[in-house]
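Engineer: This is a predicted model, with the sequence first.
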Amino acid sequence: MKILVIGGGGREHAVIKALKRNISVEKVWCLPGNGGIAQDAECYPVKATDIEGIVAFAREKKPDFAVVTPDDPLCLGCVDRLEEIGVPCFGPRKEAAIIEGSKVFSKQLMKKYGIPTADSAVFTDPDEAKAFLKTHGYPTVIKADGLALGKGAVIVNTFEEAERTVEDMMIGKIFGESGSRVLIEEFLTGPEVSVLSFTDGNTVVPMVSSMDHKRAADNDEGLNTGGMGTVAPNPYYTPEIADICMKTIFLPTIEGMKQEGRPFRGCLYFGLMLTPKGPKVIEYNCRFGDPETQVVLPLLESDLLTVMQACRNGTLTADMVKFKKGAACCVVSASRGYPKKYDTGYEITLPQTEKDEYIYIAGAKLSDGKLLSAGGRVLGAVATADTLRQAVKRAYALSDRIFFENCYRRSDIGARALKALGGK
Ligand code: AMP
Ligand code: GLY
């Protein structure tokens, strides 16, 4: 099997390493990949948003299967175009990727199919949005409709902040056209849980749950980032809550998408908040999460390629997807300054990994045989173990064996989850 993977971060590195556990995988290409992924796949500098470049590459190399992971190419119709030239793909078509591409669409879907989520109102006119905000209670949440690099949701505590945010999004266009429509949403509280799922459009099989750590600094302080670390499973996500989510969220979403003529095949990510009134959807993503994937896939016992092919072919069954018992932790090493200004080009020294340890490279390039940092989030150090406590300890021990100048990491990944477990 020759496989083409689109994307170039830690998530794609984790996907590629998991795919390569299948011995029939003889070749993996990654577009654009990165200097670390280059150890596991042949990387070419074709951007993930260059759909015609990807199609031209696929015409030449003739992969047997393609996996499209980032949101942009999915929303641009990369899967549609690759399937058109005969390459079977894991990932939703454009018509289904809209579940992430438009928050207005996903809100309407949830309303129509009775899926629990925060109450909200949509605005295309900044003055109307401001008038609404004047009489509104705080805190509240303002969201840009379209893709905004994961930064499109802003929690505001006063009318002044709300007014500024509406102006930045709708007039200043800080997220480009994504901010032409905004959602003003009820502020929810409760633990957050990420649940990635495999689906073939009819059957949905949740993966092990996980917990992201989005803020830059310890104790969930500082700016929002792409994710500074993850643990799996998420201790707040009990079997009882999993049952409720299946009935009230996962199945109605898959059914709703089918009813709308937009069957979703691929990985559907449910961003949930466990509110005092029950689990509610905060967001859908049309793809694997980053860095959730880095803790979920090392716990997958089943063959990833087989499951992905079943999603593509409409033959997915629940018994195909098995996870190991135990836990995983991912600690992200970033460049100091991230998510604001940071330097790149520092040489990265990687240790040998032992059993149940993984290093997934997110932002690095190869230069004269050296691996140099090339992004804000540079890599994730992952360990799996029987208990969460051991996994966290090992992920930090592995991180301590990794060196690059100006390396920054949070020191409390997993702390909240361990507390919820009562220290186990
Ligand atoms: P999103 O861009 O929708 O993933 O939101 C980013 C983060 O903002 C989420 O992970 C939550 O922590 C927070 N958030 C989003 N929507 C809400 C909401 N309605 N109430 C409270 N927090 C929210
Ligand atoms: N970790 C959140 C995301 O991938 O959007």
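Structural biologist: Arrived safely, thanks for sending. Ligands and ions are numbered 1, 2, ... in the order given.

Engineer: How about the residues of this protein by ligand 2?
Structural biologist: 150, 212, 227, 285, 289-290, 292 (Cβ under 6 Å from any ligand atom). C-beta: built from backbone N, CA, C; applies to glycine.

Engineer: 8 Å - rerun?
Structural biologist: 11, 150, 194, 212, 214, 226-227, 230, 269, 271, 283, 285, 287-292 (Cβ under 8 Å from any ligand atom).

Engineer: centroid residue for this structure?
Structural biologist: Taking Cα atoms, centre = their mean, the centroid of the chain lies closest to residue 289, which sits 1.5 Å from it.

Engineer: Could I get the phi/psi values of the residue lying closest to residue 114 once chain neighbours are set aside?
Structural biologist: If the residues on either side of it in the chain are set aside, residue 114 comes closest to residue 252, at 6.6 Å by Cβ to Cβ, 6 or more residues apart in numbering. The phi and psi torsions at residue 252 (degrees, to the nearest 10) take the values phi -60, psi -30.

Engineer: Please name the residues that touch residue 252.
Structural biologist: 113-115 (Cβ atoms under 8 Å, 6 or more residues apart in numbering).

Engineer: circling back to that earlier point, derive a PyMOL selection command for the buried subset of the residues of the chain next to ligand 2.
Structural biologist: Buried residues within these, by 16 or more other Cβ atoms under 10 Å, are selected in PyMOL with:
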select buried, resi 11+150+194+212+226+227+230+269+271+283+285+287+288+289+290+291+292
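
Engineer: Would you check that the residue nearest to the centre of the chain makes contact with residue 214?
Structural biologist: No. Using Cβ atoms under 8 Å, residue 289 makes no contact with residue 214, being 10.9 Å away.

Engineer: Now do the shared contacts for those two.
Structural biologist: Joint contacts of residue 289 and residue 214 (Cβ under 8 Å, 6+ apart) are residue 227.

Engineer: So what does residue 281 look like in phi/psi?
Structural biologist: According to degrees, to the nearest 10, residue 281 has phi -80, psi 130.

Engineer: So what's the residue count around it?
Structural biologist: Here the number of neighbours of residue 281 (other Cβ atoms under 10 Å) works out to 22.

Engineer: just residue 95 next, same as before
Structural biologist: For residue 95, using other Cβ under 10 Å, the count is 15.

Engineer: Setting aside sequence-adjacent positions, which residue approaches it most closely?
Structural biologist: That would be residue 262: by Cβ to Cβ, 6+ apart, it lies 4.6 Å from residue 95.

Engineer: my guess is that neighbour meets residue 97, correct?
Structural biologist: No. Counting by Cβ under 8 Å, residue 262 stays clear of residue 97, with 9.0 Å between them.

Engineer: Those two: who's more crowded?
Structural biologist: residue 97 (29 against 19).

Engineer: if I read this right, that one contacts residue 72, doesn't it?
Structural biologist: No. Look at residue 97 against residue 72 with Cβ under 8 Å: they stay out of range, at 9.6 Å.

Engineer: Residue 329 is in what secondary structure piece?
Structural biologist: strand 327-335 (DSSP states H and E).

Engineer: what do you get for residue 114?
Structural biologist: Per DSSP H and E, there is no helix or strand for residue 114.

Engineer: any idea how far it lies from ligand 1?
Structural biologist: 18 Å (Cβ to the nearest ligand atom, to the nearest Å).

Engineer: And the pLDDT at that residue?
Structural biologist: Looking at residue 114, its pLDDT is 98.

Engineer: Let's test this: what are the backbone torsions at it?
Structural biologist: Torsion angles, degrees, to the nearest 10, at residue 114: phi 70, psi 30.

Engineer: what's around it, how many residues?
Structural biologist: 9.

Engineer: where's it relative to residue 187, distance?
Structural biologist: 22 Å (Cβ to Cβ, to the nearest Å).
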